[in-house]
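[1] got a sequence here, can you build the structure:
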Amino acid sequence: MASGGHRRRGTGPVRPGAAGRRPLRSPPVRTAIHSAAALLAGVSLAVTLWTGLEERSTALAFGLLVCVGELCRWTGARVREAAPLGAAGALSYALLGADAGQPSHHGVTQVVTVVLAASLLGSVPHTARGRGPTTDHLARRVLTVGFTAVCFQPLYDQGSFEEWGGPAYALVLLALLTLTALCDCVLAAALARSRTGWPFGPLLRDELRGLLGIGSAVCATGAVMALAVAVVGLWALPVFSLPLLLTQLSFKRYAAVRTTYRQTIASLARATEIAGYTPAGHARRVAELSRAVGRELGLTRPELAVLESAALMHDIGQLSLVDPVPAGATADLPGAEQRRIALLGGAVVRQTGVDSAVAVVVERQADPYREQPVAARIVRAVNAYDEKVRDTGPGGPLRALEELRLATAGDYAPEVVESLARVLARDCLTLPSAG
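    Next comes the predicted model:
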């Protein structure tokens with residue numbers, strides 16, 4: 001908590017992720033992961049430059065596949081794997097033991113070098129537009145490919161798989177890819193934990209759930225590509241790339257539908273502001289801060305999506321009022337009036353076609369907190385905080401938190417209020433900022 005001499009003055013609370021968040025130093029875990037990836041990449045590049053490329057046509061083919069995959073990456077999409085074709089191509093090269101029946105002789109260092117060079121080359125257009133892959137993405141790609149190659153290439157060179165039949169060999173590849181995917185989930189969750197400060201457990205669960213979607217397609221395609229090239233040669237690469245490209249296109253369309261859905265909810269949420277029932281930006285601030293509190297409490301990604309939508313639309317019941325509530329502040333209204341507005345809001349939400357779980361949260365936000373679902377508890381507490389802190393001086397946020405703490409006996413869930421306090425303190429959000 002900053003001292004009074006360093007408080008920033010302004011008109012409203014800082015929202016999560018905005019300029020009010022103090023600059024984060026690179027945490028030790030993130031630094032260690034980046035350092036390990038940089039060391040592996042540097043050693044691989046040096047060894048490859050010293051010894052030269054083995055089987056250049058094969059290296060070029062897989063490098064081109066990874067490069068095309070990066071060129072086709074999803075820019076701005078909130079997905080676990082933004083470049084699935086590039087990931088599948090990289091993993092299949094790490095698992096490549098033969099090319100058209102002839103044993104391959106590329107090693108671990110060449111795999112890492114080719115994948116890194118192709119990834120960087122394919123990222124150039126995206127980087128030029130300011131949408132290139134992050135260092136976290138590149139570090140994960142280098143470490144996961146290196147892990148797969150280290151587990152497979154030395155054993156294959158020693159002839160450990162010569163006695164394995166077709167089905168058994170395929171199962172070995174799938175098992176190795178599954179282990180690689182699990183390691184990648186741990187890396188992704190650890191990097192996200194270091195970057196955001198959110199709890200590791202929910203982040204890891206979200207990553208593991210992502211494996212059921214595009215992650216499983218990437219693993220399956222990587223294994224099939226390695227097996228197919230071993231039998232028929234490099235001509236298998238374009239053939240087996242097509243299904244993953246079609247899957248990526250389907251996910252893109254699904255993402256577009258989800259984007260439209262979120263935009264619809266945001267437009268509905270703004271209706272109360274346009275009509276003058278609530279102050280500008282109130283719904284957005286409540287939604288963003290509610291999502292941060294939900295993260296702190298360990299909610300999963302689907303639960304966070306419901307929470308965010310409900311927080312955006314929590315005041316929509318005010319549109320049914322003849323006389324607007326002054327400044328839209330419902331937290332200080334009598335309990336019966338709060339519940340009436342909440343029920344009106346839930347009825348409106350149900351008529352919009354939005355997920356019924358969102359309507360339940362909106363309807364129950366004014367119930368006694370012991371009877372509420374977790375999402376409704378969060379919306380109620382965060383809404384009250386934003387209303388209490390509005391248009392106050394530097395001490396307003398602290399007073400608002402104190403009022404919430406004093407009301408935990410009957411109005412607000414203690415664990416939610418404490419999580420809200422931790423989020424505000426961690427992200428420097430208890431102090432107002434300029435405009």
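[2] and the pLDDT for D323?
    We have a pLDDT of 67 for D323.
[3] in stretch 291-306, what's buried?
    Judged by neighbour count using 16 or more other CB atoms under 10 Å, the buried positions of stretch 291-306 are 291-299, 303-306. In short, each C-beta sits where N, CA and C put it, glycine included.
[4] of these, the lowest pLDDT goes to which?
    Ranking the buried residues of stretch 291-306 by pLDDT, G298 lands last with 83.
[5] so what's that residue closest to, chain neighbours aside?
    Spatial nearest neighbour of G298, excluding adjacent residues (CB to CB, 6 or more residues apart in numbering): P202 at 4.6 Å.
[6] can you count the residues close to that neighbour?
    22 (other CB atoms under 10 Å).
[7] on that earlier part again, between the buried residues of stretch 291-306, which is nearest R253?
    A305 (18.4 Å; CB to CB).
[8] element containing the closest one, please.
    helix 301-312 (DSSP states H and E).
[9] what's the first helix or strand after that helix?
    Following helix 301-312 toward the C-terminus (DSSP H and E): helix 335-351.
[10] pull the very next helix or strand once past that following helix out as CSV, backbone CA atoms only.
    Next in sequence after helix 335-351, counting helices and strands by DSSP H and E, comes helix 356-363. Extracted in CSV, the C-alpha atoms of helix 356-363 (Å, rounded to 0.1, in the frame of the first residue of the first chain):
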residue,chain,number,x,y,z
SER,A,356,-29.3,-18.9,-18.2
ALA,A,357,-26.4,-19.1,-15.7
VAL,A,358,-25.8,-15.4,-16.2
ALA,A,359,-29.5,-14.7,-15.5
VAL,A,360,-29.2,-16.7,-12.2
VAL,A,361,-26.3,-14.6,-11.0
VAL,A,362,-28.1,-11.3,-11.9
GLU,A,363,-31.3,-12.5,-10.1
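[11] show me where the stretch 151-300 of the chain dips below the pLDDT cut-off.
    165-166 (pLDDT under 70).
[12] ranges for the strands of it?
    Using DSSP state E, counting those that start in this stretch, the stretch 151-300 of the chain contains no strands.
[13] before we move on, the earlier item: the helix holding A305 to helix 335-351, inter-axis angle?
    Counting by axes from the mean of the first three to the mean of the last three CA atoms, to 10 degrees, helix 301-312 lies at 120 degrees to helix 335-351.
[14] run the chain-centre distance for helix 301-312.
    14 Å (CA atoms, centre = their mean, to the nearest Å).
[15] tell me the angle of that helix relative to helix 356-363?
    Going by the same axes, to 10 degrees, helix 301-312 makes 50 degrees with helix 356-363.
[16] which residues sit against helix 301-312?
    Under the contact criterion CB atoms under 8 Å, 6 or more residues apart in numbering, helix 301-312 has outside partners 206, 209, 262, 265-266, 268-269, 283-284, 286-287, 290-291, 294-295, 299, 354-355, 357-358, 361-362, 365, 374-376, 378-379, 382-383.
[17] ok, E308 to A287 distance?
    Distance of E308 to A287, given as CB to CB, to the nearest Å: 5 Å.
[18] okay, those two: which has more neighbours?
    Between E308 and A287, A287 has the larger neighbour count (other CB under 10 Å), namely 25 against 21.
[19] can you count the residues close to the residue lying closest to that one once chain neighbours are set aside?
    In this structure, A287 finds its nearest non-sequential neighbour in A311, 4.0 Å apart by CB to CB, 6+ apart. A311 is flanked by 30 other residues according to other CB under 10 Å.
[20] gap between A311 and R205?
    From A311 to R205 the distance is 21 Å (CB to CB).
[21] again, but for R284
    According to CB to CB, R284 stands 27 Å off from R205.
[22] what ranges do the strands span in the stretch 1-150 of the chain?
    Using DSSP E, counting those that start in this stretch, the strands found in the stretch 1-150 of the chain span residues 98-99, 102-103.
[23] and those strands: which comes nearest L234?
    strand 98-99 (6.8 Å).
[24] now for the closest one, which elements pack on it?
    helix 216-232 (3 or more CB pairs under 8 Å, 6 or more residues apart in numbering; DSSP states H and E).
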